[in-house]
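[1] sequence? don't have it. structure:
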Ligand code: GLC
C-alpha cells in the first residue's frame, strides 16, 4: 500500500511516475511537527530496528546511528563523517519484527536524516523546504516493498551489454597515442578490456563537446579503429559551459537564454575546470533538449557511452564568493593575527568551493517562475542525466547508450547509472563501496560501481586486487584514478597476471551476471540486496554488514582488509562456495549453514551460491563482443536437479520484454561418479 501526503506546494521533480492521490489526516508511524516552513517527522525506533535506504551515503548498510543530509556535494576526500555525498536518494525502509514500512520524501531541497544520532531511540527527518510529497509504503516483505517503490518511480536504466565489460580510466589520458598505449598494453597481455574513458584532457580548454584537434585529429576514425578491436571510448561531459563568446555551445545556449540566472537577470557565473562557466538550467525542458543535442558530434564520431560529471553542480568559486573572502581577510590586514584568526582566514578561502551562498545566488525557471537554486539543488544532476538520455534517444531510439553520472536524485535511475564519486585508495573506501551498493539498488540505481583501486592517493597492489575482486560483481567495473596519483592500470604492477585472471573471471561470469542484472531490472527487483531481504527472520543475516546477496541465488563476501589471508563468512543456509583464482582455476566447496573461516589468499575470492541455483561460466574472453554466451559450464549444488531461467538478448534493445529473452534451463542432478565434488552438479550446457 502506498499513501501520499502533500505539504505546501511541492516542485515537480519527475521522480514519481504513478499518480497516487494525496491523503489528508495523520501520517502513519510518524509524529509531525512544523518549525516555520520546516517539516519535521519523528519516530521512536524499535530496539532492534534496522534502517535501509539513502542509496549513495556513507557508513553501513543499516543507516541507523548517524546523521545524513540530502545535499548533492562535490566531496573529494570524503570520509565516514561526511554527511552528504554526490547524490540524494530520499528513501528509508524501517525493518524490525514489529513492522516494515518505507518513507520517501519527494523533495529536491535539503533534507536531514537524524537516524538515532541525537537520540539513539529516535529518528528525525527534517525537510528545510517544507514543500514536498511524502510517501509511506507498506508491504509484506522487503523485496515487495522495494518492488513497490520501483513501480512508483519507474524501471531502472538498462545499459548496453558492452558496459558490463572492464573499463580503464584515468584522469590524464590526453591523446589517441596515450589511449592506444593503454589498449595495446591490455590486449598484448590478454587483460580483458571493453572501453577506455576519456577524462577532461581530451577537450580543448576543458570545453564540453570539443576535442583537441592535434591529439585526436580524426576521432571518428580512431573510434572506428578501436571498435575493430572491440573497444569503445567513453568521454566525460561536465555540467558547466565556459563563458567564451565564439565557443558554439556557449553561443547557442546564450542565444536560447538557457543558463541559470542571478536575481538581477544576468547569467550566474562560477568557475569549474574550464574557468568561469555558466550553468544550463537543466530543470527546463528546452534546456534539456538543447543540451541533449550537443552530444551529436560525439555520437556522430561513433561514441556510444558517456560519463557526466561535476553536476551537483560543483562550483569552485564565484566572483562574489572570492570578493567576500578577500573582504573578510582584508579586515584583518595590519592586525595582530592570532591562531584563531589565522584558521578563520584559511577557512574563508577553503569554504569558497561549493558554498551555500553561491547556491543561493542563482535561479531556475520552472513553469514560468524563478525558483532559487537551493530549493531544488538535488535535482540538477538528474536534469543533466535526463537531458543526455533524451539526446541519445533522439539520436538513435533503437539502441541503448552507456551513461553514468556523478550526481543523481531518484528518477535519474530511469535514464542512467551512477558511479560513487571520488573515493580514495583506502581499505575503508572498499568497504564503503560495498555497503552503498544494496541501498543504491533499493533506490533504483542498479548500474553502479566505484572507482576500482580508488580515485585519490596511491593504490597498493593488494588493494587494487581486492577492489577488482569486488568489481568482478559490480555492473560498472571501472578502474579510475586521479591525476598525479600512482599509475593504476593493471599492467603497471608486477602481479598483473593475477589481476588479469581476476578480470578474466568477470568475463567468464559476464553472461550470467548480465542475465541476473537484466532479470532484476526488468522485474523491478534488486541486483544487490542486503541479506535481510532473503533471510528476514535470521537476526545474524539481518545485521550482516559486509556480505551482499547478488541476483537470484548468489552471495558475495569480498576481503576488505589489508594483509588478510581470509575472512569469516556467515552462511544463512547451505551454499556452494566457488573460490576463484582464474576463469579456469577454482575450488568448489559445499558449505553448511553457519560461520566459516574461509582462506582467501590475495589471488582468491569467493562467490557463494544457494542450493539449487546454478552459476554459469562461459569460456571467457577479452571483450564482450567476442564472448561465447552459448556454451557454459553450470555449477550447482543440487541433489535433485534444478531449474533456472537464463536471460539473453542482443545487448542493445532499449525496451526488451523479459519473456522474449528467457531461456529455461534444466540442470540435471549431480551424478555421484561424474562430479569430483559430492552434491555438486557440473554440467556442460549449450543454450
Ligand atoms: C572529478 C571526477 C573525477 C574526474 C575529475 C577530472 O573529480 O569525479 O572522476 O577524473 O573530476 O575530470
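    Received it, and whenever you're ready, just let me know what you need. Keep in mind it's a predicted model, so treat the numbers as computed, not measured. Numbers count the residues shown, from 1 in each chain.

[2] what's opposite the residue of the stretch 201-350 of the chain found nearest the ligand in the beta bridge?
    Using CB to the nearest ligand atom, the point where the stretch 201-350 of the chain gets nearest to the ligand is residue 309, with a distance of 4.9 Å. Any C-beta I mention is one placed from the backbone N, CA and C, and that applies to glycine too. Each beta-bridge partner of residue 309 is listed here, defined by DSSP bridges: residue 238.

[3] what's the distance between it and residue 513?
    Using CB to CB, to the nearest Å, residue 309 is found at 26 Å from residue 513.

[4] now do the SS call for the residue lying closest to residue 423 once chain neighbours are set aside.
    Taking CB to CB, 6 or more residues apart in numbering, and ignoring the residues beside it in sequence, residue 423 has residue 429 as its nearest neighbour in space, at 4.2 Å. Here residue 429 is recorded as helix under DSSP: H, G, I helix; E, B strand; the rest coil.

[5] now do residue 429 against the ligand, distance only.
    Distance of residue 429 to the ligand, computed by CB to the nearest ligand atom, to the nearest Å: 14 Å.

[6] now do the closest residue to the ligand within the stretch 101-250 of the chain, the pLDDT please.
    Of all residues in the stretch 101-250 of the chain, residue 171 sits closest to the ligand, at 3.7 Å by CB to the nearest ligand atom. Per-residue confidence for residue 171 comes out at a pLDDT of 98.

[7] just how off-centre is stretch 271-285 within its chain?
    Between the mean C-alpha point of stretch 271-285 and the mean C-alpha point of its chain there is a distance of 23 Å (CA atoms, centre = their mean, to the nearest Å).

[8] same thing with stretch 292-308?
    21 Å.

[9] again, but for stretch 361-371
    Taking mean C-alpha positions (CA atoms, centre = their mean), stretch 361-371 and its chain are 29 Å apart.

[10] quick one: contacts for residue 585?
    Under the criterion of CB atoms under 8 Å, 6 or more residues apart in numbering, the contact partners of residue 585 comprise residue 501.

[11] residue 554 too?
    If you count contacts by CB under 8 Å, 6+ apart, residue 554 has them with 516, 607, 608, 609, 610, 613, 615.

[12] quick one: it from residue 630, how far?
    As it turns out, when the distance is counted by CB to CB, residue 554 lies 22 Å from residue 630.

[13] what does residue 112 give?
    Residue 112 sits 52 Å away from residue 630, taking CB to CB as the criterion.

[14] so these two - more neighbours on which side?
    Relative neighbour count places residue 112 above the other of residue 112 and residue 630, with 20 against 13, counting by other CB atoms under 10 Å.

[15] let's see which of the contacts of residue 554 end up in helices.
    In this view, the contacts of residue 554 that belong to helices under DSSP state H are residue 516.

[16] turn the contacts of residue 554 into JSON lines, columns for neighbour count, pLDDT and distance to the ligand.
    Conversion of the contacts of residue 554 to JSON lines gives the following (neighbours: other CB atoms under 10 Å; pLDDT from 0 to 100; distance: CB to the nearest ligand atom, whole Å):
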{"residue": "516", "neighbour count": "25", "pLDDT": "98", "distance to the ligand": "27"}
{"residue": "607", "neighbour count": "22", "pLDDT": "99", "distance to the ligand": "29"}
{"residue": "608", "neighbour count": "27", "pLDDT": "99", "distance to the ligand": "32"}
{"residue": "609", "neighbour count": "25", "pLDDT": "98", "distance to the ligand": "34"}
{"residue": "610", "neighbour count": "20", "pLDDT": "98", "distance to the ligand": "36"}
{"residue": "613", "neighbour count": "19", "pLDDT": "97", "distance to the ligand": "36"}
{"residue": "615", "neighbour count": "24", "pLDDT": "98", "distance to the ligand": "32"}
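
[17] which of the contacts of residue 554 sit farthest apart?
    Of all pairs drawn from the contacts of residue 554, the one with the longest distance (CB to CB) is 516 and 608, at 14.1 Å.

[18] tell me which other helices or strands the helix-or-strand element of the chain with minimal mean pLDDT touches.
    In the chain, no helix or strand scores lower on mean pLDDT, DSSP states H and E than helix 339-350, which sits at a mean of 88. With contacts defined as 3 or more CB pairs under 8 Å, 6 or more residues apart in numbering; DSSP states H and E, helix 339-350 has these neighbours: helix 319-330.

[19] sorry, back to before: which residues are in contact with the residue of the stretch 201-350 of the chain closest to the ligand?
    236, 237, 238, 239, 405, 406.
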